[in-house]
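S.K.: What shape does this take:
(one chain, ligands or ions: 2)
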Amino acid sequence: MTTLTSGELGLRSRVAQYYALAKPRVIQLIVFCALIGMVLAVPGWPTAAELLRMAIACLGIWLVAGAAAAFNCLVEKGIDSRMKRTSWRPTAKGELSDRQALMFSAVLVSVGSLILYIWINPLTMWLTFATFVGYAVIYTLVLKPLTPQNIVIGGASGAMPPVLGWAAMRGDVGPEALILFLIIFLWTPPHFWALALYRVEDYRKAGLPMLPVTHGNVFTRLQVFLYTLILFAGCLMPFVYGMSSWIYLVAAVVFSTGFCVYGFALWRNYSDALARRTFRFSLIHLSGVFAALLVDHYLL
Ligand code: HEM
Ligand SMILES: CC(C)=CCC/C(C)=C/CC/C(C)=C/COP(=O)(O)OP(=O)(O)O
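M.R.: Ligands and ions are numbered 1, 2, ... in the order given. Down below sits the predicted model:
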């Protein structure tokens, strides 16, 4: 067994702190959605060159998205330190200084943008950079402290990954990519408000105007349910438009029915535990729907 010196241990925990700043779990799903955009943009099985292009584009998007997350952690260190869920973040705890977080974000966004510009195409680079600005500046700095519709408007940034993926492979923005954008855009409010319902005290303490804080629990539950219904319709679009076949349709109906059932149950009979399960199901829903697009693309 090898024993680590205190220097090596220090380095490991430093790396872990920077890694945490990039919100790796959220970014994983973001990059997965971008990858599906790439997969659908290439008819049939990809060649080795296309696979390499997908890998490079995923890396570039991962880096820029990580930079956006790190910038968010820096700007919100005060808010994060007041919320139970986020008080552990290295920026909130003062383990990483403002300068370190800013440098980290600047390096990631620069390297990621350069990768996209040189090896993918300028359109993907600019769209990804606009997404960075949308989340890091418009959502985090302007919308989040301003209006309970913050996550609806800001959700446009989170919905961009399939568009970025499509642009990386085709060099344009096709209607198929916009349909995938619509799905994530409609998915974001029930995803976030389910969480905000059981974290309402955190948001109240932090002074953020999230919907359950400004409009209360009952109104937010109704919004979650209504959005799951519109999302159901949105998830049918890939089939209706002819991009996907019955395999996708079956999966989309099953996952979206599940989400509507959660939305309905939460609306009628609230508990924090059910809101937590609804939030967790939102992640299963989006991962499942996008995985179904992938399976459908290669099987039929
Ligand atoms: C404005 C849009 C969004 C907001 C406000 C939002 C908000 C949140 C929040 C507050 C959490 C933290 C949950 C926790 O710490 O317990 C979370 C988790 C998560 N979100 Fe979102 N989200 C948004 C968009 C997205 C998008 C577009 C994706 C992916 C495509 C995504 C994927 C995830 C994942 C995978 C987690 C779980 C992370 C974990 O387990 O640590 N979110 N989201
Ligand atoms: C370039 C590119 C593809 C960027 C993607 C943009 C991005 C990182 C979207 C993710 C959305 C997200 C992490 C929301 C968290 O909301 P929050 O900041 O309100 O959550 P918090 O309370 O956990 O900080």
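S.K.: Quick check: end-to-end length of stretch 37-51?
M.R.: Terminal residues of stretch 37-51 are spaced 13 Å apart (Cα to Cα, to the nearest Å).
S.K.: Could you give me the buried positions within it?
M.R.: G37, M38, V39, L40, A41, V42, P46 (16 or more other Cβ atoms under 10 Å). Just so you know, the C-beta spots here come from the backbone N, C-alpha and C atoms, and that holds for glycine as well.
S.K.: go on, stretch 124-134?
M.R.: Here stretch 124-134 shows T124, M125, L127, T128, F129, T131, F132, G134 as buried, counting by 16+ other Cβ under 10 Å.
S.K.: Quick check: the gap between L21 and K84.
M.R.: Plainly put, L21 is 19 Å away from K84 if you go by Cβ to Cβ, to the nearest Å.
S.K.: Work out for me the element L208 sits within.
M.R.: Here L208 sits in a region with no helix or strand, counting by DSSP states H and E.
S.K.: how close does it sit to P90?
M.R.: 21 Å.
S.K.: Among the two, which residue is more densely surrounded?
M.R.: Each of L208 and P90 has its neighbours counted (other Cβ atoms under 10 Å); P90 has more, 23 against 20.
S.K.: dump the residue contacts of the nearest residue in space to Y262 that is not next to it in sequence.
M.R.: Leaving aside its sequence neighbours, Y262 sits nearest to T278 (Cβ to Cβ, 6 or more residues apart in numbering; 4.3 Å). Taking Cβ atoms under 8 Å, 6 or more residues apart in numbering, we find T278 in contact with P190, A194, V224, Y262, G263, L266.
S.K.: any idea which helix or strand carries the first one?
M.R.: Meaning P190. helix 175-198.
S.K.: Now do the contacts for whichever residue of the chain sits closest to ligand 1.
M.R.: Residue nearest to ligand 1 within the chain: G158 (2.8 Å; Cβ to the nearest ligand atom). Neighbouring residues of G158 by Cβ under 8 Å, 6+ apart: I30, Y135, I184, T188.
S.K.: could you give the angle of the host helix or strand of the first one to helix 175-198?
M.R.: Pointing back at I30 there. In this assignment (DSSP H and E), I30 forms part of helix 24-41. Here the directions of helix 24-41 and helix 175-198 differ by 160 degrees (axes from the mean of the first three to the mean of the last three Cα atoms, to 10 degrees).
S.K.: Show me which positions of helix 24-41 end up buried.
M.R.: For helix 24-41, by 16+ other Cβ under 10 Å, it's 27, 29-41.
S.K.: just checking: which of those residues also lie near ligand 1?
M.R.: L29, I30, C33 (Cβ under 6 Å from any ligand atom).
S.K.: just checking: which of those also lie near ligand 2?
M.R.: Near ligand 2, by the rule Cβ under 6 Å from any ligand atom, you find I30 out of those.
S.K.: out of the ones next to ligand 1 among the buried residues of helix 24-41, which one sits closest to V142?
M.R.: Taking Cβ to Cβ as the measure, V142 sits nearest to I30 out of those, at 21.0 Å.
S.K.: quick one, what contacts that closest one?
M.R.: I61, A65, G158, P161.
S.K.: Let's have these in JSON lines, adding secondary structure.
M.R.: Formatted as JSON lines, these follow (DSSP: H, G, I helix; E, B strand; the rest coil):
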{"residue": "I61", "secondary structure": "helix"}
{"residue": "A65", "secondary structure": "helix"}
{"residue": "G158", "secondary structure": "helix"}
{"residue": "P161", "secondary structure": "helix"}
